[in-house]
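Colleague: only geometry, no sequence info:
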């Protein structure tokens with residue numbers, strides 16, 4: 001795991017309240033699985049940055065007031081890696 005990814009994992013603790021520490025989600029809360037290859041609101045790191053920053057009304061709280069831009073980017077990198085880790089490891 002890269003240093004940036006480790007930094008993102010540390011920030012993921014807040015996300016884990018809904019998505020679980022393993023990122024597998026919580027259907028009872030409507031929190032999607034972040035480890036599969038299903039992209040509900042856009043694909044890739046930029047879409048994840050946007051979702052973390054702005055949130056989704058009545059679904060996910062915006063984090064832009066709680067995290068710096070750098071923290072959002074490392075968190076997005078970590079989340080992206082949850083569903084793409086096996087692909088990256090194969091390279």
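Modeller: On my side now, so go ahead. What you see is a predicted model, and the numbers here were worked out from it, not measured in a lab. Numbers count the residues shown, from 1 in each chain.

Colleague: buried residues, stretch 31-38. List them.
Modeller: 31, 32, 33, 34, 35 (16 or more other CB atoms under 10 Å). Using the backbone N, CA and C atoms, a C-beta is placed for each residue, glycine as well.

Colleague: include secondary structure when you put the residues you listed into a markdown table, please.
Modeller: A markdown table is the format used below for these (DSSP: H, G, I helix; E, B strand; the rest coil):
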| residue | secondary structure |
| --- | --- |
| 31 | strand |
| 32 | coil |
| 33 | coil |
| 34 | coil |
| 35 | coil |
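
Colleague: tell me which residue lies nearest the centroid of this structure.
Modeller: Most central in the chain under CA atoms, centre = their mean is residue 79, positioned 3.3 Å from the mean C-alpha point.

Colleague: what's the pLDDT at it?
Modeller: At residue 79, the pLDDT value in this model is 91.

Colleague: pLDDT below threshold where in the protein?
Modeller: Within the chain, the set of residues satisfying pLDDT under 70 comprises 85-91.

Colleague: the strands in it, which residues?
Modeller: Across the chain, reading from the start of the chain, there are no strands by DSSP state E.

Colleague: longest helix in it, please.
Modeller: helix 69-90 (DSSP state H).

Colleague: just checking, the residue nearest to the centre of the chain touches residue 8?
Modeller: Yes: assessed by CB atoms under 8 Å, residue 79 is found in contact with residue 8 at 7.2 Å.
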